[in-house]
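J.: show me how the following folds:
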Amino acid sequence: MRDLRAFLDVLRRENELVEIDAECDPHLEIAEIHRRVIAGGGPALLFKRPRGADFPLVTNLFGTKKRVDLAFGQRANTFIKRAAGLPHELVPPSIGKLWGLRDFAWEAMSVGMKTVGRGPVTEVSTTPNLTRLPLLHCWQKDGGSFVTLPLVYTEHPETGVHNLGMYRIQRYSDSETGIHWQIGKGGGFHYSVAEKKGQALPLNLFVGGPPALIASAIAPLPENVPELLLTSLLVGEPVRRVATDAGPLPVVADAEFAFVGEVAPGVRRPEGPFGDHYGYYSLQHDYPVFTARRVFHRKDAIFPATVVGKPRQEDFFLGDWLQELLSPLFPVVMPAVRDLWSYGETGYHSLSAAVVWERYGREAMASAFRILGEGQLSLTKFLLVLDRPMDLRDFKLVLETVLARFRPQKDLYVFANLSMDTLDYCGPAVNEGSKGIMLGVGEPVRELPRQFQGDLPFGCRDAVVYCGGCLVLSAPTYVNDPGAATRIAAHLSLRDWPMVVLADDAERTCATDARLLWTTFTRMEPAADIHGARRIHRNHVVFDGPLVFDARMKPTYPEELFCDPDTAALVSRRWAEYFPGGRVEMGDSDTGHLDKT
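T.: Numbering: from 1, shown residues only. Next up is the predicted model:
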């Protein structure tokens, strides 16, 4: 669909949109309303009277699988599956085969961009006044108010290739914001080139527009593949763009807002903290500054936003849909990779699993290196590698398959002193950390234990079996016993368990797959937190016996996200004002979907 309005019309028809007439505060209150609604599987929310703002606000647009399907349909999935099959379909080529693809070629010709003289976004042109926008302050310790669905458009200073990315924007004043360019992001690469030349980087910030614009901005496309091509494919027609006299870059004609300006070289300001999608605060660091020179918007503009926190939030539903959309392309780009899945419950970058070909000994490692060298997949912290086709979303099945085949002496590879996702604070410093690869290929080498017998290691309160081969222990806190993992790994009662997880609360950690994934892989760094009896052979670290993953909270980690008591009480008290007649369920925002089976 062409714009946000068309999507809202669909949501109304499907009873997937609720309008809130009560005045609500963008400072903390709206975010908590949103979190409770999404935790309860509720509708999109149109806040008609955000306090202190000149525009209405819409959130939770993509907070269920149904709404994601309503936004994008199946057309793009069908197109990409067919495109991925062309190398096989056209070999050997023939006139008949080419003629049979005429409908596909015609559809492909509609993908692209076109320039138009004007568009809805240019109905109003004004000087920046960002303080009159309903930007959300989502968590109590956030550093300020943020644009949480920012669509940041830049062009490479030398090649002109564009990048559309979602990099959070913190409001500083009426015309200045921070821009959170993490490592490994295309817009940041553009800025680096411009800054080395001593030049400002022109930047357009869009808010709203076709739902496809949002999906394209977060899609893990290869570097130098223009995101607007994906937008066009999803919309089913060329993306309409308008040239303006405010700056050198075009604006998307069907956006709700367009902020035109630039990022000066050599300027940094503190940005953050910000409650992020890992479920913890990302801390304050210095980032470049965007200065808006002109603002364009529709006469009756609606400001879209989202809220992130512990999974599953909106980004989870979009992220999983994008993986399904793009998965047919993985074997095209990486021929030995048959299937690939990143787990949204871990923030996506913390854990992935892949099914690969293993046609000769250790071929699986070649595929693992290929995955870790591909675009945003290079930020993957831990990778499970299998050679048996299966549903990778079934994590218990995946883990049991790996653990039955995993040989600790030769199937674990840990690479220290590498870059790590900016938002993952498990490493020794921001952007620094390690990676782990665990192989589970070939035939099983063990029967997996499924019941714990024997004495608990000293200091452990209880033991819970998560799945065959994986035991979770409630261990002493890291502050009280930082060396517990090494001691526990040597305990005789654990010798038959290939994987042991140390947690602060084993029962809660094992309550659901989502909780296990989130707790284990957002609270460990491979080089620092995998323990066991080990020795060096041929410069390889050889483990004997169980691997102990220390997933306890460490004192260096940022805080877990919880709603502050005052905001929680306010929202509970006003719930009937927001939703007269009890038409929307109140979920538990502190757990999100982590404890839902």
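J.: residue boundaries of the helices in the stretch 451-597 of the chain?
T.: Across the stretch 451-597 of the chain, reading from the start of the chain, the helices by DSSP state H, counting those that start in this stretch fall at 484-489, 506-509, 513-521, 526-529, 565-578.
J.: as CSV, these with mean pLDDT would be great.
T.: Below are the helices of the stretch 451-597 of the chain laid out as CSV (pLDDT from 0 to 100):
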stretch, mean pLDDT
helix 484-489, 95
helix 506-509, 97
helix 513-521, 97
helix 526-529, 96
helix 565-578, 97
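J.: tell me which of the ones you listed sits most buried.
T.: Of the helices of the stretch 451-597 of the chain, the one with the most neighbours on average (mean count of other Cβ atoms under 10 Å) is helix 513-521, at a mean of 24. C-betas here are computed from N, CA, C, even on glycine.
J.: what helices or strands is that helix leaning on?
T.: Using 3 or more Cβ pairs under 8 Å, 6 or more residues apart in numbering; DSSP states H and E as the contact criterion, the elements in contact with helix 513-521 are helix 395-405, strand 499-503, helix 506-509.
J.: nearest to Trp139, of the helices of the stretch 451-597 of the chain?
T.: With Cβ to Cβ, the closest approach to Trp139 among these belongs to helix 565-578: 9.3 Å.
J.: residues in contact with the closest one?
T.: Helix 565-578 has contacts (Cβ atoms under 8 Å, 6 or more residues apart in numbering) with 20, 22, 24, 28-29, 32-33, 36, 140, 582, 584, 586, 589.
J.: could you flag which of these are buried?
T.: Applying 16 or more other Cβ atoms under 10 Å to the contacts of helix 565-578, the neighbour count classes 20, 24, 28-29, 32-33, 36, 140, 584, 586, 589 as buried.
J.: farthest pair within the residues you listed?
T.: Considering Cβ to Cβ, no two members of the buried ones among the contacts of helix 565-578 lie farther apart than Gln140 and Val584, which are separated by 23.8 Å.
J.: residues contacting Trp518?
T.: Contacts were defined as Cβ under 8 Å, 6+ apart; by that measure Trp518 touches 279, 310-311, 345-346, 594.
J.: pull out the buried positions in stretch 316-326.
T.: Along stretch 316-326, these residues count as buried under the neighbour rule (16+ other Cβ under 10 Å): 316-323, 325-326.
J.: ok, Val18 to Ile33 distance?
T.: Between Val18 and Ile33 the distance, using Cβ to Cβ, to the nearest Å, works out to 11 Å.
J.: what of Thr567?
T.: To Ile33, Thr567 is 10 Å away according to Cβ to Cβ.
J.: check Leu372 too.
T.: Summarising the geometry, the distance separating Leu372 from Ile33, computed by Cβ to Cβ, is 40 Å.
J.: quick revisit: tabulate the helices of the stretch 451-597 of the chain (TSV), appending distance to Ala429.
T.: Listed next are the helices of the stretch 451-597 of the chain as TSV, based on distance: least, Cβ to Cβ, whole Å:
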stretch	distance to Ala429
helix 484-489	21
helix 506-509	27
helix 513-521	20
helix 526-529	12
helix 565-578	32
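J.: among those, which comes closest to Trp357?
T.: Per Cβ to Cβ, nearest to Trp357 of the helices of the stretch 451-597 of the chain: helix 526-529, 24.7 Å.
J.: from the contacts of helix 565-578, which single one is nearest Gly433?
T.: For the contacts of helix 565-578, the closest approach to Gly433 (Cβ to Cβ) belongs to Gln140, at 27.6 Å.
J.: inside helices: which ones of the buried ones among the contacts of helix 565-578?
T.: Assigned to helices by DSSP state H, the following of the buried ones among the contacts of helix 565-578 qualify: 29, 32-33, 36.
J.: would CSV of these with pLDDT and distance to Gln74 be doable?
T.: Formatted as CSV, the entries for these read as follows, by pLDDT from 0 to 100; distance: Cβ to Cβ, whole Å:
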residue, pLDDT, distance to Gln74
Glu29, 98, 37
Glu32, 98, 35
Ile33, 98, 32
Arg36, 96, 31
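J.: which one of the residues you listed is nearest to Glu432?
T.: Comparing those against Glu432 with Cβ to Cβ places Glu32 closest, at 33.6 Å.
J.: nearest residue to that closest one in space, please, no chain neighbours.
T.: With sequence-adjacent residues excluded and distances taken as Cβ to Cβ, 6 or more residues apart in numbering, Glu32 is closest to Val571, at 4.7 Å.
J.: distance to Glu14 added to the buried ones among the contacts of helix 565-578, as a markdown table?
T.: Below are those laid out as a markdown table (distance: Cβ to Cβ, whole Å):
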| residue | distance to Glu14 |
| --- | --- |
| Ile20 | 18 |
| Cys24 | 24 |
| Leu28 | 30 |
| Glu29 | 27 |
| Glu32 | 25 |
| Ile33 | 21 |
| Arg36 | 21 |
| Gln140 | 34 |
| Val584 | 15 |
| Met586 | 22 |
| Ser589 | 24 |
